[in-house]
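>>> whatever this is, show me its structure:
(chains A, B, C, D, E and F)
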Protein chains: 6
Amino acid sequence: MTSALERGRGIVQTLNPRLEQVLAERYDDLVDGFSESLVEWAYGRHYARPGLDLKTRQLCTVAALTALGGQTGPQLKVNIAHTLAAGASRAEIVEAIWQMAVYGGLPAAINGLNAALDVFAELDQSA
Amino acid sequence: MTSALERGRGIVQTLNPRLEQVLAERYDDLVDGFSESLVEWAYGRHYARPGLDLKTRQLCTVAALTALGGQTGPQLKVNIAHTLAAGASRAEIVEAIWQMAVYGGLPAAINGLNAALDVFAELDQSA
Amino acid sequence: MTSALERGRGIVQTLNPRLEQVLAERYDDLVDGFSESLVEWAYGRHYARPGLDLKTRQLCTVAALTALGGQTGPQLKVNIAHTLAAGASRAEIVEAIWQMAVYGGLPAAINGLNAALDVFAELDQSA
Amino acid sequence: MTSALERGRGIVQTLNPRLEQVLAERYDDLVDGFSESLVEWAYGRHYARPGLDLKTRQLCTVAALTALGGQTGPQLKVNIAHTLAAGASRAEIVEAIWQMAVYGGLPAAINGLNAALDVFAELDQSA
Amino acid sequence: MTSALERGRGIVQTLNPRLEQVLAERYDDLVDGFSESLVEWAYGRHYARPGLDLKTRQLCTVAALTALGGQTGPQLKVNIAHTLAAGASRAEIVEAIWQMAVYGGLPAAINGLNAALDVFAELDQSA
Amino acid sequence: MTSALERGRGIVQTLNPRLEQVLAERYDDLVDGFSESLVEWAYGRHYARPGLDLKTRQLCTVAALTALGGQTGPQLKVNIAHTLAAGASRAEIVEAIWQMAVYGGLPAAINGLNAALDVFAELDQSA
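Purely as a prediction, here's the structure:
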């Protein structure tokens, strides 16, 4: 049986293969074991669980980060990219964001749409 | 072409047929037009949109209400029931809630699991 | 010239004459100087300021506590009573609450309306 | 009788005549019907209601966006401008913001004052 | 070298020896591996780290849960008990809570003081 | 016996001697009495209290501002500097921040670590 860390690394391989290295370079000197701990917890202990498919998990994350608003802007952009990698269309992502106007208010939803516009523009530019 | 209010009523018919009447009885004397306005905006202008299926929309809502935490407890319970009505399994709902430990913190996720336990127990009792 | 504490006590006399004593009895043993400090800061350093009338200040507070949601439920009820004491009508208070659906989301606004229904029912019962 | 959309457009005419067009140009390709839906819901279903005057409504919005903090920064600036258009003085707006130190904490209030300083400086520069 | 799970269990032994069992009984049927995952992440990957003593860690948690407010009420009470177990005095806990009036606003701080009053009263009663 | 304002000024002298002047220059024209009121409330009525040492108070503030996230970014940076001035090590500050991943979620904790990296880099550059 694989460990939570190994299962997390399997998911990260699908969503964003360079994620663990990027996190390690930026944070592991500051917080010893940061990147390993994050992959184990977020991806190994949550995304790797059975019971809900990866694409729906990512859409739930996009919805929640939109509703939480301010403190999660950079993470919302990263997760919009992960959600595309999990097989969701741009339209599905936009719908998950815009629906949050009902629960988190219009400012949160509009800021979420702005994040999506930024991510899509970057992808089109690098295409 | 149907109006947003009519489209919203179509969705509510699937999720919770008595919703508009329950809201009207409780709030329309206080806020004139409350129930109609809520169905038009939340269900007609959001859930009735094409681009994302109703079950995934409901799972996104459950995830976001969990992450938002305290202020949305009663609405989380209502939406757990709506999400079952939209075809999600209990396991899928639990996964969408528990994943929020990553984004909204452990207290928010644990409170979400408690809400699910309450809703499931009520359903089992009334079964 | 009066001190901030004295100016705060003047405002409290209008809004809720027993407030300082109620706070003192409940909290001053736990936090030395609590009631005096709260009256000085909240009422002396904010509500007693010129530039905005007391009724509008109270409506702003009701709106903000509604939008903040979960953590401010008990304080919202106290401030709905203070806002009536400052001369606002029930309808004005309800409007300030319901408008928050746009900014804080529907759950926050609905919880705010529930708080108003509770306060109004208590007042009608004790009348 | 006018529709909620028409009533919303009437309010927008007073507060910010170009708002619907600006929103349409930025968001309607992404979310079909975005600008119309926002004007109908926010302005037609809330600001256009009787029971509370437009200036007080705007001051309530400024207070709530200040207290909500991080996720609403850009919307706070837009609403400070709308509140001036609704007839409030700069001093009244500043008071509604600063009072939020009591309810949302000092960081939220200070960030709100910074938003007001930015809006006032832009207005003075373009005058 | 011990695993994160083992290190977490060592900390829990100090703070609340029955915690893992209580969590397992309530949540492990719902979320497979819940109690183990929580002890590993929260206590093994955070509290067990060197660099900050356990008592200060617990006071930081009490402060943060107070400031976060609504969604963390039950967890605040649990952590007030843990903080006493880590060697903090009641006065130190009360100070960490009341200070949050500056950052999270008065409602959050007052709700935190109410939680402390409840925990202290329960302890005095069971003494 | 000294007043709350004088006690606050004593604390500010330790943490950040220029704070009151910087605040006065930026905000006192906008909000009459702003800097005095802030020093009296935050430092005189909270930090100057007996019962908890200044270093632990500052670590609690860093933890809470991290957990609150978005709306408190600039204040988090100021308080990281104040916490160093109160005698905490960089490692202690980093631990107080990273622990918040448990309570406020990973995005809040990562944004807090980014704030610490910025403050430490500025200090190293000006050294």
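
>>> ok, A:Glu40 to chain D distance?
29 Å (CB to the nearest CB, to the nearest Å). From N, CA and C alone the C-beta is placed, and that goes for glycine too.

>>> just how off-centre is the helix ranked longest in chain A within its chain?
For chain A, the helix with the greatest residue count under DSSP state H is helix A:106-126. Relative to the centre of its chain, helix A:106-126 is centred 14 Å away, using CA atoms, centre = their mean, to the nearest Å.

>>> next, the buried residues of it.
A:106-116, A:119-120 (16 or more other CB atoms under 10 Å in any protein chain shown).

>>> that helix close to chain D?
Yes: applying CB under 8 Å from any CB of the partner chain, one finds helix A:106-126 touching chain D at A:106-108, A:110-111, A:113, A:116-117.

>>> need these in a markdown table with distance to chain E and pLDDT, can you?
Below are the residues of helix A:106-126 next to chain D laid out as a markdown table (distance: CB to the nearest CB, whole Å; pLDDT from 0 to 100):
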| residue | distance to chain E | pLDDT |
| --- | --- | --- |
| A:Leu106 | 21 | 89 |
| A:Pro107 | 19 | 88 |
| A:Ala108 | 16 | 87 |
| A:Ile110 | 24 | 90 |
| A:Asn111 | 21 | 89 |
| A:Leu113 | 25 | 92 |
| A:Ala116 | 26 | 94 |
| A:Leu117 | 30 | 94 |
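
>>> for those residues, which one is nearest chain B?
If you rank the residues of helix A:106-126 next to chain D by distance to chain B using CB to the nearest CB, A:Ala108 comes first, at 9.5 Å.

>>> before we move on, back to that, for the longest helix of chain A, give me every contacting residue.
With contacts defined as CB atoms under 8 Å, 6 or more residues apart in numbering or on different chains, helix A:106-126 is touched by A:62, A:65-70, A:73, A:76-77, A:80-81, A:84, A:90, A:93-94, A:97-101, C:102-103, C:105, D:26-27, D:30-31, D:38, D:41-42, D:65, D:68, D:71-72, D:74-75.

>>> domain parsing for chain A?
For chain A, automatic domain parsing gives the domain ranges A:1-50, A:52-127.

>>> quick one: these as CSV, columns for distance to F:Gly8 too.
As requested, the domains of chain A are arranged in CSV below (distance: least, CB to CB, whole Å):
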stretch, distance to F:Gly8
domain A:1-50, 33
domain A:52-127, 29
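
>>> looking at those, which is buried most?
Across those, the average number of neighbours (mean count of other CB atoms under 10 Å in any protein chain shown) peaks for domain A:52-127, which reaches a mean of 23.

>>> what's the span of that domain, first residue to last?
In domain A:52-127, first residue to last residue: 31 Å (CA to CA, to the nearest Å).

>>> try stretch A:95-108
End to end - CA to CA - stretch A:95-108 spans 14 Å.

>>> then stretch A:83-92?
10 Å.

>>> close to chain B, is that stretch?
Yes: shown here: stretch A:83-92 in contact with chain B (CB under 8 Å from any CB) through A:91-92.

>>> so which residue is dead centre in chain A?
Geometric centre of chain A, nearest residue: A:Asn79, 2.3 Å, by CA atoms, centre = their mean.

>>> what about it, which helix or strand?
A:Asn79 belongs to helix A:73-85 when elements are defined using DSSP states H and E.

>>> which residues sit against the lowest-mean-pLDDT helix or strand in chain A?
Least confident helix or strand of chain A, by mean pLDDT, DSSP states H and E, is helix A:101-104 with a mean of 89. With contacts defined as CB under 8 Å, 6+ apart, helix A:101-104 is touched by A:66-69, A:108-110, B:41-42, B:46, B:61, B:64-65, B:68, B:72, B:75, C:104-107, D:71.

>>> list just the nearest of the buried residues of helix A:106-126 to A:Leu15.
Distance to A:Leu15 across the buried residues of helix A:106-126 (CB to CB) is lowest for A:Val119, with 14.2 Å.

>>> how close does that closest one sit to chain C?
Taken as CB to the nearest CB, the span from A:Val119 to chain C is 24 Å.

>>> distance check, that residue against B:Arg57.
21 Å (CB to CB, to the nearest Å).

>>> my read: A:Ser37 touches E:Arg45, true?
Yes: if you go by CB atoms under 8 Å, A:Ser37 and E:Arg45 touch, sitting 4.9 Å apart.

>>> hey, what's in contact with both of these two?
By CB under 8 Å, 6+ apart, A:Ser37 and E:Arg45 have these common neighbours: E:Ala4.

>>> which pLDDT does the model give the closest residue to A:Leu54 other than its chain neighbours?
Distances taken as CB to CB, 6 or more residues apart in numbering or on different chains place A:Ala86 nearest to A:Leu54, at 4.7 Å, with adjacent residues excluded. Listed pLDDT for A:Ala86 reads 94.

>>> how about the one 5 residues further on?
On the pLDDT scale, A:Ala91 is placed at 94.

>>> correct me if wrong: A:Cys60 contacts B:Gln99.
Yes: counting by CB under 8 Å, A:Cys60 does reach B:Gln99; the two are 6.4 Å apart.

>>> next, show the common contact partners of the two.
Common neighbours of A:Cys60 and B:Gln99, using CB under 8 Å, 6+ apart, are A:52, B:63.

>>> which residues does A:Glu95 contact?
B:49, B:51-52, B:57.

>>> at 7 Å instead, please
By CB atoms under 7 Å, 6 or more residues apart in numbering or on different chains, the contact set of A:Glu95 is B:49, B:51-52.

>>> out of the residues you listed, the closest to chain E would be?
Checking the contacts of A:Glu95 against chain E with CB to the nearest CB, the nearest one is B:Leu52 at 25.8 Å.

>>> please report how far the closest one lies from A:Glu92.
Distance, B:Leu52 to A:Glu92, using CB to CB: 5 Å.

>>> next: A:Asn111.
A:Asn111 sits 19 Å away from A:Glu92, taking CB to CB as the criterion.

>>> which parts of chain A sit against chain B?
Within reach of chain B by CB under 7 Å from any CB of the partner chain, chain A has these residues: A:41-42, A:46, A:49, A:51-52, A:56-57, A:59-61, A:63-65, A:67-68, A:91-92, A:95-96, A:98-104.

>>> inside helices: which ones of those residues?
Among the residues of chain A next to chain B, the members falling in helices (DSSP H) are A:56-57, A:59-61, A:63-65, A:67-68, A:91-92, A:95-96, A:98, A:101-104.

>>> and chain A, which residues reach chain C?
So chain A meets chain C at A:102-107 (CB under 7 Å from any CB).

>>> can you rerun that using 8 Å?
A:67, A:101-108.

>>> what does chain A put close to chain F?
So chain A meets chain F at A:26-27, A:30-31, A:34, A:38, A:41-42, A:65, A:68-75 (CB under 8 Å from any CB).

>>> let's see it at 10 Å
A:23, A:26-27, A:29-32, A:34, A:37-38, A:41-42, A:64-65, A:68-76, A:78-79 (CB under 10 Å from any CB of the partner chain).

>>> chain E next: which of those residues are close?
Among the residues of chain A next to chain F, the ones lying near chain E by CB under 10 Å from any CB are A:31-32, A:34, A:37-38, A:41-42.

>>> quick one: which of those residues sit in strands?
Of those, none are assigned to strands by DSSP state E.

>>> make JSON lines out of the residues you listed and add pLDDT and distance to F:Thr2.
Listed next are these as JSON lines, based on pLDDT from 0 to 100; distance: CB to CB, whole Å:
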{"residue": "A:Val31", "pLDDT": "91", "distance to F:Thr2": "41"}
{"residue": "A:Asp32", "pLDDT": "92", "distance to F:Thr2": "44"}
{"residue": "A:Phe34", "pLDDT": "93", "distance to F:Thr2": "45"}
{"residue": "A:Ser37", "pLDDT": "93", "distance to F:Thr2": "47"}
{"residue": "A:Leu38", "pLDDT": "94", "distance to F:Thr2": "47"}
{"residue": "A:Trp41", "pLDDT": "94", "distance to F:Thr2": "48"}
{"residue": "A:Ala42", "pLDDT": "94", "distance to F:Thr2": "50"}
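
>>> understood, closing this out.
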